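S.K.: please work out how this folds:
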Amino acid sequence: MRSAARTVSLVSAFLLLASAQEPKKCSAPPEYPHTRLDARFSGKLKFGSGEKVYYDCAEDFTPSRGFRAVQCVNGKWSKLTLKCEKVSCGNAGELLNGEFHYEGNSLIGEKVYAVCDEGYTLKGLSYMICKKSGWTGDFPSCEEGEVTCSTPAVANSVSGGGAASVRRVGDNVTFTCSEGFQLEGAQEITCGPGGQWQPQPPQCLPSPDTLPDTEGGCRVPAAVGSSNAHLADKYFTVTSFASGDSVHYVCDVGYVQAGGSRYRRCNEGKWTPLLLRCERKPCGSAGEIVNGQFTYTGVEFGDTATAVCDEGHRLVGHATRRCLSQGWDRRVPACEAVECEAPPEVTNAEMEGHQETPHTYRSVIRYRCRVGTLHGPREIWCTEDGTWSAAPPTCKEITCPSPRAPGVFWAGVRKERYQYRDTIITHCYPGYAATGPNVITCGSDGRWSPRLPSCTRTARRNYWRH
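M.R.: Below you'll find the predicted structure:
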C-alpha cells in the first residue's frame with residue numbers, strides 16, 4: 001500500500017511539474033487608443049506563447065513612432081509602443097497674389113479657402129479639403145490683372161454713373177427707365193470680384209398704364225423681370241383680355257413654385273400684381289461614393305458636385321455632375337482601389353501575407369528566408385500610386401571558414417565552410433595551453449565570434465637525478 005501511494009504521489013508531482021513548465025497562452029490582445037488590430041488577428045481568442053500580432057492606426061490617424069507588433073510571453077502581452085496621431089494636412093502652400101484662410105487646424109475634413117488680393121480674380125474652386133492623402137482638389141490661382149465689368153446695356157433706360165465702357169470691382173450703376181416704361185429688377189447693381197454684375201441687370205418694360213384698352217380690357221401682360229416665371233403657353237396667341245379675365249404663370253425650367261398665387265387678373269385695364277414665387281429646383285444628394293465623396297457648390301438647379309476619391313483610390317467615370325431640371329446629370333462615378341503588380345520573387349525566400357490577386361492599396365507582403373539571412377525590409381506594401389513601398393530584400397548565405405590555429409582541434413567532422421550561427425567547442429592538443437575563448441560562433445559578418453582561440457606550447461621541464 002505504501003508503495004502504491006508513493007507511486008501516485010510521484011506521478012502527481014511529475015504532472016504538476018510538467019504543467020508548471022508549459023508556457024501559458026494569452027487571451028485576445030488589448031485595445032489601444034487610436035489603433036486597430038490587424039484584420040488577420042480579429043476574432044481569435046487564444047494565442048500561443050511567443051506568437052506576435054500587429055496593430056494599425058485607426059481611420060484618420062497616422063503612425064508617428066514606435067513598433068506595430070506585440071508578443072505573447074507566458075500568458076501576458078508585451079506593451080504596444082506604436083503611437084498614432086490625428087492626420088493633419090499642415091500648410092496648404094503659398095497662394096500667389098492672395099492668401100489662404102483656414103477653417104480649423106488643417107485636420108481631415110476641414111477646408112482651406114482661397115482669397116485673392118484686390119485687383120485679382122480667383123480661378124478654380126475657392127477651397128480645398130484636407131484628406132488622408134493631403135489637401136485635395138485643384139490648387140486655386142489668382143489671375144493677374146485688374147478685374148472689370150463691361151457696361152450693362154438695358155433697353156429703354158438711362159443709367160447713372162457715367163458712360164465709361166468698363167467698370168472696376170465695386171463700381172455701382174443706377175438705372176432709371178425712360179418715359180412709358182417701368183423698372184423690373186434691381187435699380188442699382190455692383191461690379192463683383194468675378195467680373196459679373198450683382199445682381200443681374202434689370203429690365204425696362206412697357207408700363208401697363210400706357211397700354212390702350214377697350215372697355216376696360218387689357219393687352220397681353222408684360223414679362224415680370226426677376227420672377228423666374230413666364231406666362232403659360234396657352235396665352236401666346238391671345239392679344240387682348242376682357243376686364244375680369246385671368247391668366248396664370250408657370251415657373252421657368254429648373255424652378256419650382258415656392259408660394260404665392262400663380263394667377264393675375266385684368267381689372268379695369270390693369271393687371272393685378274404677380275405674387276408667384278419660383279425658387280431653384282433642389283436635386284438633393286448627388287449620390288454616395290464608396291471610398292470617396294462629393295464636394296458641392298450647392299444642391300439646387302445650376303449647382304455642381306465634384307467627386308474626390310480617398311487616398312489609395314482612383315476615379316472611374318466623370319468627376320463632375322450638374323443639377324439640371326430633371327435632377328443630377330450623368331452617373332455616380334466610382335473610386336477603385338489602386339492595384340500593384342505581383343510582388344517580386346526573392347531567391348531562397350518565401351512570401352507571407354496577401355497572396356491573392358489583385359494586390360490592392362495597403363496590401364502587405366512579408367519575406368522569410370529559407371536559406372541565408374534577410375538583408376533589406378522584411379515587409380513591403382502597395383502604396384497609393386500603385387508601386388511597392390521598397391525594393392524586395394535578399395537572402396544572403398553567410399559562412400565562416402574552418403578555424404585554423406596552431407594546436408587547436410574540435411570534435412565532429414571538419415568542414416571547409418560553416419553556416420551562420422554554427423557553434424564549435426575547441427580544445428588544445430597535449431603540450432598546448434588554451435588562451436582566449438573555447439566556444440566560437442559563426443557571426444553575421446562571416447567571422448568567428450568572439451574571436452579565434454589560441455593554443456600556445458607549454459615549456460618542457462627537465463628533471464636531473466642527483
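S.K.: residue 445: what's it in contact with?
M.R.: Residues counted as contacts of residue 445 (C-beta atoms under 8 Å, 6 or more residues apart in numbering) are residue 398. For every residue, glycine as well, the C-beta is placed using N, CA and C.
S.K.: so what's the residue count around residue 391?
M.R.: 10 (other C-beta atoms under 10 Å).
S.K.: oops, could you answer that again for residue 240 instead?
M.R.: Count around residue 240 with other C-beta under 10 Å applied: 14.
S.K.: any idea how far it is from residue 410?
M.R.: Using C-beta to C-beta, to the nearest Å, residue 240 is found at 125 Å from residue 410.
S.K.: try residue 286
M.R.: Residue 286 is 78 Å from residue 410, where distance means C-beta to C-beta.
S.K.: who does the spatially closest residue to residue 229 that is not a sequence neighbour bridge with?
M.R.: Ranked by C-beta to C-beta, 6 or more residues apart in numbering and with sequence neighbours excluded, the top spatial neighbour of residue 229 is residue 249, at 4.4 Å. Beta-bridge pairing of residue 249 under DSSP bridges involves residue 231.
S.K.: identify the residues contacting residue 249.
M.R.: With C-beta under 8 Å, 6+ apart, residue 249 has these contacts: 224, 227, 229-232, 262-264, 274, 276.
S.K.: for it, give its distance to residue 311.
M.R.: The value you get for residue 249 to residue 311, if C-beta to C-beta is used, is 51 Å.
S.K.: same deal with residue 402?
M.R.: Going from residue 402 to residue 311 by C-beta to C-beta gives 55 Å.
S.K.: quick one, grab the pLDDT at residue 1.
M.R.: pLDDT, residue 1: 48.
S.K.: how many residues are close by residue 255?
M.R.: Using other C-beta under 10 Å, residue 255 has 19 other residues around it.
S.K.: swap in the one 3 residues further on?
M.R.: By the criterion of other C-beta under 10 Å, residue 258 has 13 neighbours.
S.K.: can you tell me the SS state at it?
M.R.: The local conformation at residue 258, judged by DSSP: H, G, I helix; E, B strand; the rest coil, is strand.
S.K.: dump the residue contacts of the residue lying closest to residue 341 once chain neighbours are set aside.
M.R.: In this structure, residue 341 finds its nearest non-sequential neighbour in residue 359, 7.4 Å apart by C-beta to C-beta, 6+ apart. Contacts for residue 359 (C-beta under 8 Å, 6+ apart) come out as 339-343, 365, 382.
S.K.: quick one: the helices in the chain, in order.
M.R.: Ranges of helices in the chain, per DSSP state H, are 2-21.
S.K.: what stretches of the stretch 351-466 of the chain score poorly on pLDDT?
M.R.: Within the stretch 351-466 of the chain, the stretches with pLDDT under 70 are 354-355, 460-466.
S.K.: partners of the residue nearest to residue 341 in the sheet?
M.R.: Taking DSSP bridges, one obtains residue 340 as the residues bridged to residue 359.
S.K.: distance-wise, check residue 249 relative to residue 257.
M.R.: 9 Å.
S.K.: burial count for residue 331?
M.R.: Here the number of neighbours of residue 331 (other C-beta under 10 Å) works out to 10.
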